[in-house]
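Peer 1: Starting from these lines, generate the structure:
(chains A and B)
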Amino acid sequence: MSVVSLSDTSGARRQARASARANHPAGGRLALVEAVQPDRAQDLSIESLLRDVAGGDRSAFAEVYDRISSRVMGLVTRLLRDRAQSEEVTQEVFLEIWQQAGKFDANKGSGMAWVLTMAHRRAVDRIRASQKSHERDLKIGIRDMERDFDAVSESVEIRIENERVKRSMSRLTALQREAVILAYYGGYSHSEMAEILGIPLGTVKTRLRDGMIRLRDELGVTS
Amino acid sequence: MTDPADDVTTRAASYAVGAMTAAERRELEQELRRSPRLATEVSEFTETAAMLGLAAAPVAPPSSLRDSILNTVEATPQPTNVVRGPWLRRPVAAVLGAAAAIVLVAGGTTLALQLNREPSVVEQITAAADYGRVVSDVPGGGSVTAVWSASLGRAAILVDDLDQLPADRIYQAWFIDSAGNAEPDATFASSGAQPSTVSLTGEMDAGDSIGITVEPAGGSTTPTTIPIVVIPTA
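Peer 2: Presented below is the predicted three-dimensional model:
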C-alpha cells in the first residue's frame, strides 16, 4: 500500500527549472521569471517551488535557496551585522523552510513575505537573546538605511524595489520613518524604542501604525 | 482599561515589524483564527514589511553555506502533516480477529501534531512511504486510530474517549501475528475526552494486527480478555 505520488507535474517543473537555469547560468534573482515563457514562469514562482518543497522535492529546495538566499542573508545581516551569526541564522531559516513548507499557504500571502517574516523573526530573536540591543546605536540604524538604498545593486529589479521603497519611505513623516526603521531594520521592541526616544509606549505604537499604514498605501499592498 | 493604542491596526503593524515581545506575539497569533479583520491587517502589513526586507542590500552567502544547508536537508526527513494526503481516503480491509470491531474510513479524527525539534514516533511513521492509518470505533464508546509503517517496524495508536476503567484495570496494546500469537506492548489508562497518543514500543512485523484488551493493572504477558478492538495493518 504505497502512497500515490502527488505530483505528476514535478518532472515537467524540474525540466522547466533546468532550462531556466540553462538560459541564465547565473541562476538566482527574481528577474529570471521574466526571461522564460509565461506558462513556465508560473511554474517557477516561489510559491510553486514551495509547494514542491512541501512535497519533499530537494531540487526545488535548492532552487529556492539559489533564488532567495542573498535576500535572506541580506536582511539578516542588516539586523545582526555580525557575519558569522548571520550565516548561522540564514542556515536556520532555510532549515525552517524545508520543515515548514507544508504550512505555507499561498492564499494568505506571498512566498517571499513568508520567508522574510521567518528570517526577520529569527534575527530579532537572536538580537534580543544576546541582549546586544542595548548596546546598539540609534544613529547607526538610520545611516545604514541610506547606505542600503545607495548601494549599487547588480539587478535591475532590486534597484527598482529600492527606489519604490525609498520613495514610499520619503512620504512618511520623519518621526514615523524613524520608528519604522528602528523596529524593522534595528530589531528594537516597543519598550526599547520608547526608552531610546524618550517617548511614551503609546506614542511609539501610534507612530509605527501610522507609518506602516502610509507605507502600505504607498506601496499599493492589498490583500 | 484598554489602551487606545492597542487596537487591531496598531497591533497588526507592531506585529509585522517585529516590535512585539514574544508573549505579545503569541497572544496575537492565537487571535488570528478568530478575527478575520486582524488576519487581513496582519497579512497586508506583513507584505509591506517584506518590501522593506527586499530593500536591504543583498548579501551572497558563501558557497560553503549552500553545501552545509543542502547536506542538512538531505539528512533531515520532512515532518508530514497527518491530516494531508490521499491515504486518508483509501479503502480499509475487512476486519479480522476475535472482536467484531467496526472499522470506519478515516475522516472524523485528526491527529494534531506539534512539530518538535526531534520528529516523534508518529511523525516518523507518517513520513514513511508505506504509512498506514485506520480509525476504528470501539463498541461501547470511543475510538482507536492506528498508524504504522511496516518498513520502519513501528506503530502508534491514538486513543480517544475510551471508557474509564476501574482503578485496578488498564488498557494494553498487543501486536498479533497471523497465527494469533499476541506480543504484549504498551499499557495506558483511558484518556477521557482528550485524545492521546500511545507509541508502541515493540517491533511490528508486516501483517501484524494491533489489538487492545483490558488487563489487570500492570499489564499481562498474554491477553486475559477478549480485545475491545483489533486493527489489521495489511
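
Peer 1: Could you point out the helix or strand that follows the longest helix seen in chain B?
Peer 2: Criterion DSSP state H: the longest helix present in chain B is helix B:36-55. Going down the chain from helix B:36-55, the next helix or strand is helix B:63-75, by DSSP states H and E.

Peer 1: Could you export that next one as CSV, CA atoms only?
Peer 2: Taking Å, rounded to 0.1, in the frame of the first residue of the first chain, the C-alpha atoms of helix B:63-75 are listed here in CSV:
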residue,chain,number,x,y,z
SER,B,63,29.2,28.6,-1.1
SER,B,64,30.1,26.6,2.0
LEU,B,65,26.8,27.6,3.5
ARG,B,66,24.9,26.3,0.5
ASP,B,67,26.7,22.9,0.8
SER,B,68,26.0,22.8,4.5
ILE,B,69,22.3,23.6,4.2
LEU,B,70,21.8,21.1,1.3
ASN,B,71,23.6,18.4,3.3
THR,B,72,21.5,19.1,6.3
VAL,B,73,18.3,18.9,4.3
GLU,B,74,19.5,15.7,2.7
ALA,B,75,19.8,14.2,6.1
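
Peer 1: Any part of it near chain A?
Peer 2: Yes: applying CB under 8 Å from any CB of the partner chain, one finds helix B:63-75 touching chain A at B:65-66, B:68-70, B:72-74. (C-beta placed from N, C-alpha, C; glycine too.)

Peer 1: picking that back up, output the contacting helices and strands for the longest helix of chain B.
Peer 2: helix A:58-80, helix A:111-130, helix A:156-170, helix A:174-184, helix A:201-219, helix B:8-16, helix B:22-32 (3 or more CB pairs under 8 Å, 6 or more residues apart in numbering or on different chains; DSSP states H and E).

Peer 1: Minimum distance to B:Val59: which of those helices has it?
Peer 2: helix A:58-80 (4.5 Å; CB to CB).

Peer 1: Can you add mean pLDDT, distance to B:Asn181 and mean neighbour count and give the helices and strands packed on helix B:36-55 back as TSV?
Peer 2: Converted to TSV, the helices and strands packed on helix B:36-55 look like this (pLDDT from 0 to 100; distance: least, CB to CB, whole Å; neighbours: other CB atoms under 10 Å in any protein chain shown):
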stretch	mean pLDDT	distance to B:Asn181	mean neighbour count
helix A:58-80	94	42	23
helix A:111-130	92	50	21
helix A:156-170	74	67	16
helix A:174-184	92	64	22
helix A:201-219	96	66	21
helix B:8-16	96	57	23
helix B:22-32	91	49	13
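
Peer 1: Could you tell me the angle between the longest helix of chain B and helix B:8-16?
Peer 2: 40 degrees (axes from the mean of the first three to the mean of the last three CA atoms, to 10 degrees).

Peer 1: Distance from the chain centre to helix B:36-55, please.
Peer 2: Its chain's average C-alpha position is 31 Å from that of helix B:36-55, according to CA atoms, centre = their mean, to the nearest Å.

Peer 1: Show me which helix or strand of chain B is least confident by mean pLDDT.
Peer 2: strand B:102-104 (a mean of 30; mean pLDDT, DSSP states H and E).

Peer 1: Next secondary structure element downstream of that one?
Peer 2: Downstream of strand B:102-104 (by DSSP H and E), the next one is helix B:121-127.

Peer 1: quick check, that next one touching chain A?
Peer 2: No: Helix B:121-127 stays clear of chain A (CB under 8 Å from any CB), getting no nearer than 8.8 Å.

Peer 1: C-alpha coordinates for that helix, PDB please?
Peer 2: Presented in PDB, the C-alpha positions along helix B:121-127 are these (Å, rounded to 0.1, in the frame of the first residue of the first chain):
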ATOM      1  CA  VAL B 121       7.400   8.300  16.600                       C
ATOM      2  CA  VAL B 122       4.100   9.300  15.000                       C
ATOM      3  CA  GLU B 123       5.800  11.800  12.700                       C
ATOM      4  CA  GLN B 124       8.400   9.300  11.700                       C
ATOM      5  CA  ILE B 125       5.700   6.800  10.900                       C
ATOM      6  CA  THR B 126       3.500   9.200   9.000                       C
ATOM      7  CA  ALA B 127       6.500  10.400   7.000                       C
END
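
Peer 1: Against which helices or strands is that helix packed?
Peer 2: So helix B:121-127, by 3+ CB pairs under 8 Å, 6+ apart, packs with strand B:143-149, strand B:154-160, strand B:196-200.

Peer 1: Return the list of helices and strands in contact with the second one.
Peer 2: The contact analysis (3+ CB pairs under 8 Å, 6+ apart) places strand B:154-160 against helix B:121-127, strand B:143-149, strand B:169-176, strand B:196-200, strand B:209-216.

Peer 1: can I get the ones you listed in CSV with mean pLDDT and mean neighbour count?
Peer 2: Output for the helices and strands packed on strand B:154-160, formatted as CSV (pLDDT from 0 to 100; neighbours: other CB atoms under 10 Å in any protein chain shown):
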stretch, mean pLDDT, mean neighbour count
helix B:121-127, 77, 21
strand B:143-149, 86, 23
strand B:169-176, 90, 22
strand B:196-200, 85, 18
strand B:209-216, 90, 23
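
Peer 1: Dump these to JSON lines, plus distance to A:Glu195.
Peer 2: Listed next are the helices and strands packed on strand B:154-160 as JSON lines, based on distance: least, CB to CB, whole Å:
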{"stretch": "helix B:121-127", "distance to A:Glu195": "43"}
{"stretch": "strand B:143-149", "distance to A:Glu195": "51"}
{"stretch": "strand B:169-176", "distance to A:Glu195": "57"}
{"stretch": "strand B:196-200", "distance to A:Glu195": "46"}
{"stretch": "strand B:209-216", "distance to A:Glu195": "59"}
